[in-house]
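1. What follows is a protein structure lacking sequence information:
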């Protein structure tokens, strides 16, 4: 009986952990699964990046509108350093009120926009944000309603 207990204990002590072969096989299977799944995530990542930038621009427009009402007008939203692809900035005359830098690989087509003292803009605002093959549009009416849509602006 004593001999059986020693044999069982020595077997239990030897079987802890993984062998090198088991570890290599597990890593190889994991690498194959990741290689198959990675391309399918590309579209999801592009959609997320375009949506995130469009939502940030939308909230910036609401912020600029409220600041124009609070400050009596003269609030503008323009491209960061004149380039919308780098981001955008909200200014009151020469003062920077808010700044947003976009992540790389985004193409933004927009024009600078100025808000009057009632928070209105002349003619509205339309922009498109493209990440890879995904395009999101940020549309703002002259009255200040902002929409983020995947189709064209109404």
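-> Structure received. Just so it is clear, the structure is predicted and the values come from calculations on it, not from any experiment.
2. Okay, and the residue nearest to residue 99 when sequence neighbours are not counted sits in which element?
-> Distances taken as C-beta to C-beta, 6 or more residues apart in numbering place residue 89 nearest to residue 99, at 4.7 Å, with adjacent residues excluded. The way it works is simple: take the backbone N, C-alpha and C, and place the C-beta from them, glycine included. Residue 89 is part of strand 83-92 when elements are defined by DSSP states H and E.
3. Give me the residue ranges of this structure where confidence is low.
-> Across the chain, the ranges flagged by pLDDT under 70 are 1-15.
4. orientation of the longest helix anywhere in the chain relative to strand 83-92 in degrees?
-> As assigned by DSSP state H, the longest helix anywhere in the chain is helix 20-71. Relative orientation of helix 20-71 versus strand 83-92 (axes from the mean of the first three to the mean of the last three C-alpha atoms, to 10 degrees): 40 degrees.
5. downstream neighbour of helix 20-71 in the secondary structure list?
-> Past helix 20-71, the next helix or strand by DSSP H and E is strand 75-80.
6. Pairing partners for that following strand, with directions?
-> strand 83-92 (antiparallel), strand 113-115 (antiparallel) (DSSP bridges).
7. Strand partners (parallel or antiparallel) of the next helix or strand after the last one?
-> Spelled out, that is strand 113-115. Next in sequence after strand 113-115, counting helices and strands by DSSP H and E, comes strand 125-131. Here strand 125-131 is paired, per DSSP bridges, with strand 107-109 (antiparallel), strand 134-140 (antiparallel).
8. Who does residue 139 form a beta bridge with?
-> Applying DSSP bridges, one finds that residue 139 bridges with residue 126, residue 147.
9. my guess is it contacts residue 147, does it?
-> Yes. Using C-beta atoms under 8 Å, residue 139 is in contact with residue 147, at 4.8 Å.
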